[in-house]
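**Student:** Predicted coordinates and the sequence they were generated for:
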Amino acid sequence: MVNSSLVQLARANVSNIDNLINASAALQHTEKPYLEGKLQQKIIEEEELPPLEIRLEEAKKKTEMWTERLHDLQSWSFYWFLTKFTCRYQRELDEIHAGIKKSKSFEEDIQEAENAVRERIRKISAEGEKYAVDCRTLDKYRDELAQLTDPIFAGGDFSTNSALKAAAESRRETIKATEKDTLQLRKVIELLAKADSAIMIAIVDLRSASGNGNPGEGRVVFPDEAFEAIKEARNIYPSLPSIPKPEFFHDKPDETGAKYKPMQAFLWDVKNSLADLSKWCHKNIIENLKRSVDEELALGAATDELMKERQRLIKEVILSA
């Protein structure tokens, strides 16, 4: 026997429920292209932008280091006397100008690539706007349907309703867990960026501290701020891969022709490893985003199925009692 108050509540709302279910059905086709468009945009933001941003910052710092070296060479310093009186001045000057030219060229190329990626993101976002309003309306209709039908089925007396509601709730919990994991990964990325910045400052400071245009050598100076940031990142995400042992002694020039002494080379190797860890985090975020879209689509379908079942129960069971 169905409670008379439920019958009254169902009778009062059945017309609105019918209208909302019909309106939702008319918009359901927009959900998949909208979510997949947003996913495509986010994948580009996670996969392509961060490496370009890191490379651009590095190119700017390398230009800065070459410029400082030029200033040292043109100043009345020990470095000036050393090069001037050992007939190295012109050779050093030519090398510095070539380094500045290359690093600035890298800056321009990377900036152009970043601008192109941002333009692709803008176009994808604009394309998705035609679905955005419909999807927001669809979410609104689903919320209104839940508000209208939840009181009617609050007692949990209908097994089909309970089963479908549990299935939808399971999807919701999966989405929450995935979002939590993504938030942790984003925090790790922030900490890795903090460590990266501290290491870059240390690399520049080692050159400045040398006073003669040759990078500092000998002592191991690893920035405390970078160490603590990496340590915190591991505490937050224990499965974060380890950093390979950096090379201490190598004399390989970078793409601008600059050479680094052991401690700087060591820090550059650590910095490159941090970039690899950041890529690992972004890759895992992309997997989470894909999983979330699949679950959101499944949740939408489960919610719609639940509401249609409630509509059936109201008409065939509750109002027929």
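**Tutor:** Cool, got the structure.
**Student:** In contact with Glu64, which residues are there?
**Tutor:** If you count contacts by CB atoms under 8 Å, 6 or more residues apart in numbering, Glu64 has them with Val204. Every C-beta, even on glycine, is put in place using the N, C-alpha and C of the backbone.
**Student:** Distance from the chain centre to the host helix or strand of it, please.
**Tutor:** Element membership for Glu64 (DSSP states H and E) is helix 49-74. Helix 49-74 sits 25 Å away from the centroid of its parent chain (CA atoms, centre = their mean, to the nearest Å).
**Student:** try stretch 221-233
**Tutor:** Centre-to-centre, stretch 221-233 and its host chain are 21 Å apart (CA atoms, centre = their mean).
**Student:** I'd like the average pLDDT over stretch 161-171.
**Tutor:** Taken as a whole, stretch 161-171 has an average pLDDT of 95.
**Student:** scratch that, stretch 178-194 is what I was asking about
**Tutor:** Averaging pLDDT along stretch 178-194 gives 97.
**Student:** Which strands or helices does the helix or strand containing Ala23 pack on?
**Tutor:** Assigned by DSSP H and E, Ala23 belongs to helix 4-27. The contact analysis (3 or more CB pairs under 8 Å, 6 or more residues apart in numbering; DSSP states H and E) places helix 4-27 against helix 89-149, helix 262-313.
**Student:** Could you export the ones you listed as a markdown table, including mean pLDDT and distance to Glu53?
**Tutor:** Formatted as a markdown table, the helices and strands packed on helix 4-27 follow (pLDDT from 0 to 100; distance: least, CB to CB, whole Å):
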| stretch | mean pLDDT | distance to Glu53 |
| --- | --- | --- |
| helix 89-149 | 91 | 7 |
| helix 262-313 | 94 | 10 |
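**Student:** winner for burial among the ones you listed?
**Tutor:** Most buried of the helices and strands packed on helix 4-27 by mean neighbour count (mean count of other CB atoms under 10 Å) is helix 262-313; its value is a mean of 19.
**Student:** Okay, strands next: where are they in the stretch 151-300 of the chain?
**Tutor:** Using DSSP state E, counting those that start in this stretch, the stretch 151-300 of the chain contains no strands.
**Student:** can you tell me which of the helices and strands packed on helix 4-27 comes nearest to Arg186?
**Tutor:** helix 262-313 (7.1 Å; CB to CB).
**Student:** Distance from the chain centre to that closest one, please.
**Tutor:** How far helix 262-313 lies from its chain's middle: 9 Å, per CA atoms, centre = their mean.
**Student:** helices and strands around it, which ones?
**Tutor:** helix 4-27, helix 31-47, helix 49-74, helix 89-149, helix 159-210, helix 224-236.
**Student:** The fourth one vs helix 31-47, what angle?
**Tutor:** What separates the directions of helix 89-149 and helix 31-47 is an angle of 150 degrees, with axes from the mean of the first three to the mean of the last three CA atoms, to 10 degrees.
**Student:** Am I right that Glu45 is in contact with Arg120?
**Tutor:** No. In this structure, Glu45 is not within contact of Arg120 by CB atoms under 8 Å, at 10.2 Å.
**Student:** so who does the residue nearest to Phe158 when sequence neighbours are not counted touch?
**Tutor:** Among residues not flanking Phe158 along the chain, Leu313 sits closest, at 5.6 Å (CB to CB, 6 or more residues apart in numbering). By CB under 8 Å, 6+ apart, the contact set of Leu313 is Phe153, Phe158, Thr160, Asn161.
**Student:** hmm, back to that, what does the helix holding Ala23 contact?
**Tutor:** The contact list for helix 4-27 (CB under 8 Å, 6+ apart) reads 134-135, 137-138, 141-142, 144-145, 148-149, 151-152, 155, 304, 307-308, 310-311, 314-315, 318-319, 321.
**Student:** Repeat that for stretch 120-128.
**Tutor:** Pro33, Tyr34, Gly37, Lys38, Gln40, Gln41, Ile44, Glu45, Leu49.
**Student:** Correct me if wrong: the first one contacts Tyr131.
**Tutor:** This means Pro33. Yes. If you go by CB under 8 Å, Pro33 and Tyr131 touch, sitting 5.6 Å apart.
**Student:** before we move on, the earlier item: could you give me the ChimeraX syntax to select whichever of the contacts of stretch 120-128 are buried?
**Tutor:** A single ChimeraX command is used to select the members of those judged buried by 16 or more other CB atoms under 10 Å:
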select :34,37,38,40,41,44,45
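**Student:** now the contacts of stretch 120-128 in JSON lines, with distance to Arg11?
**Tutor:** Formatted as JSON lines, the contacts of stretch 120-128 follow (distance: CB to CB, whole Å):
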{"residue": "Pro33", "distance to Arg11": "38"}
{"residue": "Tyr34", "distance to Arg11": "35"}
{"residue": "Gly37", "distance to Arg11": "41"}
{"residue": "Lys38", "distance to Arg11": "40"}
{"residue": "Gln40", "distance to Arg11": "46"}
{"residue": "Gln41", "distance to Arg11": "46"}
{"residue": "Ile44", "distance to Arg11": "51"}
{"residue": "Glu45", "distance to Arg11": "50"}
{"residue": "Leu49", "distance to Arg11": "55"}
